[in-house]
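Chemist: I need the structure of the sequence given here:
(2 chains, ligands or ions: 1)
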Amino acid sequence: MPDKGLGQLGDGLLFTAVVLYALAMLGYAAEQATSRARQRVTSVRAASSVLVGSGPPVTVPAETVTVSAPSRAGQFAFGLTGIGWVVHLTSIVLRGFAAHRVPWGNMYEFSSAAAFVAVTAFLGMVVRGRIDRALGAFVMVPVVLYLGLASSLLYTAAGPLVPALNSYWIKIHVAAAILASGSFLLSGVVALLYLLRSRYDTHPKAAFPVSLGRQLPAAAALDRMSYAVIAFAFPVWTFAIIAGAIWAESAWGRYWGWDPKETWSFITWVLYAGYLHARATAGWKGRKAAWVAVAAAGALIIDYYVVNIFVVGLHSYA
Amino acid sequence: MTTPELDEATRLTTQPKPVEQPRRGDPFGPLRLGWRQLTSMRTALLLLFLLALASVPGGFLPQRKINPVRVSEYIRSHGAAGRFMDRIGLFDVFSSVWFSAIYLLLFISLVGCLIPRSRLHLRALTARPPKVPKTLKRLPVSASWVAAAPVESVLDDARAALRGWRVERRGSELSAEKGYLRETGNLVFHISLVLLLIGIALNSFYGFKGTVLVVEGKGFSNTLALYDNVQPAKRFNPSSLVPFTVGLTQFHATYGDDGKALTFDADITWSRDGKPSKAYDLRVNHPLVVGNAKTYLIGHGYAPHIVFRDVDGTVVDDSAVPCLPQDPQFLSTCVIKEPSTKATQFGFRGVFTPTTVSDAAQRVGSSYPGLRRPALTLVAFAGDLSLDGGTPQSVYSLDTTAMKAVDKGQAHALQPGQTWVLPDGASLTYVDTLQWANLQVTQDPSRRLMLVAAIGIVGGLLLSLFIRRRRVWVRAGEGADGTTTVEVGGLSRTDPERFASEFAELVTDIRRERA
Ligand code: HEM
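Modeler: Presented below is the predicted three-dimensional model:
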């Protein structure tokens, strides 16, 4: 039987994590407000050559260098994100213990885990120096909104699974789906930021929201980041779909039946394949490709939320 | 970077080049142009978007293959618009002409693009890395310095630093390349997509799917005639059915207090070619595999065991009657036909309720799917069951046109062990309750091919997205008084940031060797 007390503790911790993320979001915003000017200068100076040890200068393209100016508020915000991450992880683990199963059996749990993946990816990339911490404000806004919506609208108390979900394939298929969708959501946010920034680059005098672009990393860096995340998530998503087909075959006796959930996963997959092709096709690089990434993230959201809530199918388990 | 030489040296992919105009006077010009258009990246991209777009109605509208009832409701409630949508295939998206046209074009484009790409890549795999471009400074990353060592030792150092790369020396120049597996992976991925489609096609030509309802204590053998419902593919050959038999010993279901199902198990025995039979626990997610036939548990229900005695007391029927569940609490509809009586025939229609409750209006219902207070509530009819009419009748429906309701159509509720004696002396006894399981058998001749394709798709993608293909060139020129001017340049198809630091390390390595 599910353990009520543990389940409630897990829910409470998730709420705490959301509060911590929200505070972190404010910290990142404060950092941006103060560090804008300095960042400009450093990134210009760092532009054309980098010294490697005592060797000769190696010429590299200017836009690959991003430098962030350190600030108290930013460090504080990053620390809060880290603590929020630990609390979030604990809430997921407790949920698993409370329900005696993997903690991703319904939409509430699924959303929490997907947001966790997005935060993990963000933290990981900052720690490895692949992206600027200043992006935190833009990443935390959707994460907080997403978790807030998930824990109010989709809330489900810890409980057992229906028999069809009770398989080791759920661990594999759903874990891969969460990993991929958390990453896709992050890449969708970054693609939007890229669109904002590149619009700002061509229209520097434009009004809000384009004016936000000033505070963002260089367009090329955002573009590369969103590609890197999609390049990671696409094979995982592909694997998730294949694992799902194998699971469907063992549960329902067919690999694929164009159930609404399957259909939307397919649409999402095709759109991301389109994104990867677009980047390799002359005339489609840059903004057009970014719009494809945004559309694909939209299909993913339809896949999870619209289909589960409004469309009847075999997958309606929430 | 526009010189033809640099262009060739910097091509790190077999991607088709943008389509150019055909030469004048070529009689096949337009054809050639059309084919090049079809197999271009731009067309592939367009077709991918079209494929996604064409799937959208399938993701929002009910589909006939999945839920025919909802489709007819939808059409009825949308009038002319609904009928129009039906005419253009919006309720059969994935078998519609336009959907098929898109994916067929996509796969023609894919095959047409894969053949030349595979050939190009095979050539690249066996070829030497391309010559050093004249101006290394024009490459995305480059460096140059003057070394104190002579040319030969600088080249040796460069070779040592380039361990793991394919290196080709031409005079005092080195060309090095790495990451061929990227393109290999990309081709494997696309070829596996084609294999997947072939697998799907094979299955739709030679596959088989059948369902059969089996009551506890009974069984079935894998022959076409015994199925309740079969969907053989176009070219399916009945002799390819795997010869095996299955017997259902017992079915168990457990439910939570709220009536939600927790587990389903069917204890079965099976045997192939008359060999001794083996026991198997058939569950959801745990199908029985015999050869290339897979048996699944896809449904279950109750089958009250009844005994019917004729007016003279002889038993004319002693069987379990499968009832069809109608709601989550397993209120199920039952039909019983007694054609083998001496005089008038009898038919019964009613409901079986595993946990019986009745409301103020005396309507029976079920409040829980498990067997807590089972009851069989029936109305009886006497007369002619119209079974000889020639039109086959479903065992689940009763034709009462030639029958009269017994007891003015008054329903009788029976509990296990109870007997209903009809006015003329015949009787129906509800003995106890058995369960039935619905089994589905599928034979898919392409299962192994699909597995290979799936592995190729994921594996190919990983290689194609995580391996970076890159080239580095080194030129060593003799300078004054025994020094050497060294020029190094390189490029990578992806991830310029990582390549820039890799390149910087390479440069330091080359210099350090003889520090
Ligand atoms: C069934 C439809 C197709 C799907 C799902 C698909 C999917 C993909 C994916 C996911 C990639 C990304 C791998 C990477 O970036 O390295 C890719 C790359 C590629 N695809 Fe396709 N593809 C399809 C059809 C085609 C067709 C018809 C062509 C022929 C024009 C084609 C040519 C290419 C090329 C050249 C690349 C490599 C891009 C590069 O890295 O330069 N694909 N494809």
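
Chemist: B:Leu104: neighbouring residues, count only.
Modeler: The number of residues packed near B:Leu104 is 12, by other Cβ atoms under 10 Å in any protein chain shown. Yep, even glycine has a C-beta here, placed from its N, CA and C like the rest.

Chemist: which pLDDT value goes with it?
Modeler: For B:Leu104, the pLDDT comes out at 94.

Chemist: that one sits in which helix or strand?
Modeler: Assigned by DSSP states H and E, B:Leu104 falls within helix B:97-126.

Chemist: helix or strand right after that helix?
Modeler: Downstream of helix B:97-126 (by DSSP H and E), the next one is strand B:141-147.

Chemist: for that next one, packing partners?
Modeler: If you count contacts as 3 or more Cβ pairs under 8 Å, 6 or more residues apart in numbering or on different chains; DSSP states H and E, strand B:141-147 packs onto strand A:58-59, strand B:484-492, helix B:496-512.

Chemist: that one: which residues count as buried?
Modeler: Residues of strand B:141-147 classed as buried by neighbour count (16 or more other Cβ atoms under 10 Å in any protein chain shown): B:141-144, B:147.

Chemist: now swap in stretch B:240-258 and tell me
Modeler: B:241-242, B:244-248, B:251, B:253.

Chemist: got it, and stretch B:487-501?
Modeler: Neighbour counts over stretch B:487-501 (16+ other Cβ under 10 Å) mark B:487-497, B:499-500 as buried.

Chemist: distance to A:Pro209 and pLDDT added to those, as CSV?
Modeler: As requested, the buried residues of stretch B:487-501 are arranged in CSV below (distance: Cβ to Cβ, whole Å; pLDDT from 0 to 100):
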residue, distance to A:Pro209, pLDDT
B:Glu487, 47, 92
B:Val488, 44, 94
B:Gly489, 41, 93
B:Gly490, 40, 93
B:Leu491, 37, 91
B:Ser492, 35, 90
B:Arg493, 34, 83
B:Thr494, 31, 81
B:Asp495, 30, 81
B:Pro496, 29, 80
B:Glu497, 28, 78
B:Phe499, 34, 89
B:Ala500, 32, 88
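
Chemist: of these, list those near chain A.
Modeler: B:495-497, B:500 (Cβ under 8 Å from any Cβ of the partner chain).

Chemist: tell me the one of those nearest the ligand?
Modeler: Proximity of those to the ligand (Cβ to the nearest ligand atom) peaks at B:Asp495, which lies at 11.9 Å.

Chemist: which strands and helices sit next to the longest helix along chain A?
Modeler: With secondary structure taken from DSSP state H, chain A has its longest helix at helix A:4-45. Applying 3+ Cβ pairs under 8 Å, 6+ apart, one finds that helix A:4-45 contacts helix A:72-99, helix A:136-153.

Chemist: what number of residues lie near the closest residue to A:Ile241 other than its chain neighbours?
Modeler: Distance criterion Cβ to Cβ, 6 or more residues apart in numbering or on different chains; nearest residue to A:Ile241, sequence neighbours excluded, is A:Ser265 at 5.6 Å. Neighbour count for A:Ser265, taken as other Cβ under 10 Å: 25.

Chemist: quick revisit: make a markdown table from the buried residues of stretch B:487-501 and add distance to A:Ile302 to it.
Modeler: Shown next, in a markdown table, are these (distance: Cβ to Cβ, whole Å):
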| residue | distance to A:Ile302 |
| --- | --- |
| B:Glu487 | 53 |
| B:Val488 | 50 |
| B:Gly489 | 47 |
| B:Gly490 | 43 |
| B:Leu491 | 40 |
| B:Ser492 | 36 |
| B:Arg493 | 33 |
| B:Thr494 | 30 |
| B:Asp495 | 31 |
| B:Pro496 | 34 |
| B:Glu497 | 33 |
| B:Phe499 | 37 |
| B:Ala500 | 39 |
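
Chemist: before we move on, the earlier item: max pairwise distance over the buried residues of stretch B:240-258: which two?
Modeler: Farthest pair in the buried residues of stretch B:240-258 (Cβ to Cβ) is B:Leu241 and B:Ala253. Separation: 29.3 Å.

Chemist: just want the phi and psi numbers for B:His300.
Modeler: Phi and psi for B:His300, reported as degrees, to the nearest 10, are phi -160, psi 170.

Chemist: mind checking pLDDT for the residue of chain B found nearest the ligand?
Modeler: Closest residue of chain B to the ligand, Cβ to the nearest ligand atom: B:Cys113 (2.9 Å). pLDDT for B:Cys113: 93.

Chemist: number of nearby residues for it?
Modeler: Neighbour count for B:Cys113, taken as other Cβ under 10 Å: 20.

Chemist: same check on the one 5 residues further on?
Modeler: B:Ser118: 16 surrounding residues under other Cβ under 10 Å.

Chemist: what's the closest non-adjacent residue to it?
Modeler: Nearest non-adjacent residue to B:Ser118 (Cβ to Cβ, 6+ apart): B:Leu187, at 5.6 Å.

Chemist: the one you found against B:Pro116, yeah?
Modeler: No. B:Leu187 is beyond contact range of B:Pro116, at 11.1 Å (criterion: Cβ atoms under 8 Å).
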